[in-house]
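Asker: from the sequence below, what's the structure:
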Amino acid sequence: MDSAALMRDAAIRRALEPFDDGSFSALLRRHVACKTESPGIADRELMRDYLTQQITPLLSRLGFSSSVFENPLQDANPFLIAQRSEDPGLPTVLIYGHGDVVRGDDALWRSDLSPWALTIEGDHWYGRGSADNKGQFLVNLTALEAAIAEGGGRLGFNVKILFETGEEIGSPGLREIAIAQRELLKADVFIASDGNRVSASNPTLFLGSRGEVEFEIALNARSRPYHSGNWGGVLSNPATILAHVITKLVDERGRIVVEGLRPPSVPEHVRALLAEVPIGEDDDAPSIDDDWGEPGLTPAERIFGWNTIETLALKAADADAPGSAIPARAKAICQLRFVVGTKASEAKEILLEHLAQNGFHSAEVTIRSYTPATRLDPHNPWALWAMNSIERSARKVPTLLPNLGGTLPNYVFSELLELPTLWIPHSYPACAQHGPNEHLLASVVRESLAIMAGLWWDLGHFEDATR
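Answerer: Predicted coordinates:
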């Protein structure tokens, strides 16, 4: 083995030391304890404290200069931008992470767990943000620190970090700050970690994400409910109508029937990438319903290569205490996940036209959020380089996905900042990141530390890296 390979292996071993001696879990424990829930305006000061008291000192130790930026949007959470420069002639990587988490929902967790305390049970590390996204971001920083130390204080490339505190509520202001700070964020490649591997045992690289449109369909029949005995049969029931509306969006097996929101056929190169992608392999994964969704597609194609419309919530009256009354109004919150090529920016007009054609002229459609879909060419040199590096460190062939099944603000980096985007997740599908008992797997963390240390080392020292 030559000296370069020996030094690379040494960087990986150094990255594993904090895991083995418990200092990584201690670091994650401190971050999990910070209640950085992002649904409310009142959290802005707490988010700022998290950036200045937790993230800034951590980055300072690695030689970064950091600045907190107010959100360009009023009453929205702040950002942090950090830089570590070695030489303007070297390549620059932009790293991303987010410090906000979804609501803790303390009462829904197992009685012996708390969302704000890291609890280790064998391979499972429980805590809010352990998987999404504090744990993943800390893996990348720990591996970066190991590469710096093994390189004698040098990486061989420059690093910029954009860290936000509003991703769980749609990243308000991220687009605006990327535009305003375009020069400051200028880089050659974007590398980040969020989302999930396809399974715990499969290192994964994905190159974009499905887009997302969250929309509300409302039916407002009258100003108040009316007794169902006195008025049933002569007053329209918005709850009943809404049930029929939903059947005009998807059929009884989950297939989209709104023609304008169906994607183009799965491209052959995407189909080839997904041919061997496993779905639902983990022991705690749910059983797949083979007869649900678009017929003729594999499970992987349904998740990564196609669109879905899901009903997230329905409301007409209190189902736990129903009254004998025809509800006055009803609404459904629905979500379109879509791939590149879908006319999702026209979703409201498409939905209204489709519902009117089916006789539902009184239905109101409101778009609650919209994030574009993105997908990097899998033959991009950066993608090929990353796949090679991951395989070398993990000693197994990683899974390459054209895009994540979920949605991330990747368009900000791929479209606005015009960067090739590489996402290397350190979590797995059954991590419960938005529900009770969120957790990381220690085995995945350890493997990910090795993967990222090797990746950072290769970026700075591997002569064939894209430059």
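
Asker: now stretch 336-345: buried residues?
Answerer: Judged by neighbour count using 16 or more other CB atoms under 10 Å, the buried positions of stretch 336-345 are L336, R337, F338, V339, V340, T342, A344. Any C-beta I mention is one placed from the backbone N, CA and C, and that applies to glycine too.

Asker: stretch 86-96 too?
Answerer: Within stretch 86-96, the residues that count as buried by 16+ other CB under 10 Å are E86, L90, P91, T92, V93, L94, I95, Y96.

Asker: quick check, the second one in contact with R154.
Answerer: In this case it means L90. No - assessed by CB atoms under 8 Å, L90 is found out of contact with R154, at 9.7 Å.

Asker: neighbours of R110, just the number please.
Answerer: Residues lying near R110 (other CB atoms under 10 Å) number 10.

Asker: right, I mislabeled it, should have said L27
Answerer: By other CB under 10 Å, neighbour count at L27 equals 19.

Asker: so it touches V139, yeah?
Answerer: No - the criterion here is CB under 8 Å, and L27 misses it with V139 at 10.4 Å.

Asker: tell me the contacts of L235?
Answerer: A221, R222, Y226, I326 (CB atoms under 8 Å, 6 or more residues apart in numbering).

Asker: which one (most neighbours) among the residues you listed?
Answerer: In the contacts of L235, the most neighbours by other CB under 10 Å go to I326, 25 neighbours.

Asker: ramachandran angles for it?
Answerer: Note on I326: its backbone torsions stand at phi -80, psi 120 [degrees, to the nearest 10].

Asker: beta partners of L235?
Answerer: Counting by DSSP bridges, L235 is bridged to G232.

Asker: I'd like the numbering to begin with 26 instead of 1 from here.
Answerer: Okay, using 26 as the starting number, the last item reads as L260.

Asker: list the buried residues for stretch 98-113?
Answerer: A101, N102, P103, F104, L105, I106, A107, Q108, R109, E111.

Asker: what strand or helix carries the last one?
Answerer: It refers to E111. When elements are assigned from DSSP states H and E, E111 belongs to no helix and no strand.

Asker: quick check: pLDDT value at it.
Answerer: In this model, E111 is scored at 97, pLDDT.

Asker: residues contacting it?
Answerer: R179, L180, G181, F182, N183.

Asker: and the helices in the stretch 276-425 of the chain?
Answerer: Ranges of helices in the stretch 276-425 of the chain, per DSSP state H, counting those that start in this stretch, are 293-299, 324-329, 372-382, 406-419.

Asker: as CSV, the ones you listed with mean neighbour count would be great.
Answerer: As requested, these are exported to CSV (neighbours: other CB atoms under 10 Å):
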stretch, mean neighbour count
helix 293-299, 16
helix 324-329, 22
helix 372-382, 16
helix 406-419, 20
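
Asker: closest to A268 out of the ones you listed?
Answerer: Shortest distance between A268 and the helices of the stretch 276-425 of the chain, using CB to CB, is found for helix 372-382: 13.6 Å.

Asker: off-centre distance for the closest one?
Answerer: Taking CA atoms, centre = their mean, to the nearest Å, one finds the center of helix 372-382 at 29 Å from the center of the full chain.

Asker: and for stretch 352-363?
Answerer: Centroid separation for stretch 352-363 versus its chain: 23 Å, with CA atoms, centre = their mean.

Asker: hang on, the earlier thing: what is the nearest of the contacts of L260 to A381?
Answerer: A246 (17.5 Å).

Asker: mind giving me TSV with the buried residues of stretch 111-121 and columns for distance to D402 and secondary structure?
Answerer: Listed next are the buried residues of stretch 111-121 as TSV, based on distance: CB to CB, whole Å; DSSP: H, G, I helix; E, B strand; the rest coil:
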residue	distance to D402	secondary structure
E111	29	coil
L115	25	coil
P116	19	coil
T117	21	strand
V118	19	strand
L119	19	strand
I120	22	strand
Y121	20	strand
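
Asker: dump those to JSON lines, plus distance to L442.
Answerer: Output for the buried residues of stretch 111-121, formatted as JSON lines (distance: CB to CB, whole Å):
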{"residue": "E111", "distance to L442": "21"}
{"residue": "L115", "distance to L442": "19"}
{"residue": "P116", "distance to L442": "15"}
{"residue": "T117", "distance to L442": "12"}
{"residue": "V118", "distance to L442": "12"}
{"residue": "L119", "distance to L442": "7"}
{"residue": "I120", "distance to L442": "13"}
{"residue": "Y121", "distance to L442": "11"}
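
Asker: nearest to P397, of those residues?
Answerer: Nearest to P397 among the buried residues of stretch 111-121, with distances taken as CB to CB, is Y121, at 16.5 Å.

Asker: burial measure for R38, as a count.
Answerer: Quick note: R38 (other CB under 10 Å) scores 14 neighbours.

Asker: for it, helix, strand, or coil?
Answerer: helix (DSSP: H, G, I helix; E, B strand; the rest coil).

Asker: for the helices of the stretch 276-425 of the chain, which one sits closest to D276?
Answerer: In terms of CB to CB, the element of the helices of the stretch 276-425 of the chain nearest to D276 is helix 372-382, at 13.6 Å.

Asker: for I476, pull up the helix or strand it's in.
Answerer: Short version: I476 belongs to helix 467-486, going by DSSP H and E.

Asker: show me what counts as buried in that helix.
Answerer: Within helix 467-486, the residues scored as buried using 16+ other CB under 10 Å are 467, 469-486.

Asker: other SSEs contacting that helix?
Answerer: Packed against helix 467-486 by the contact rule (3 or more CB pairs under 8 Å, 6 or more residues apart in numbering; DSSP states H and E) you find helix 28-46, strand 149-151, helix 159-175, helix 406-419.
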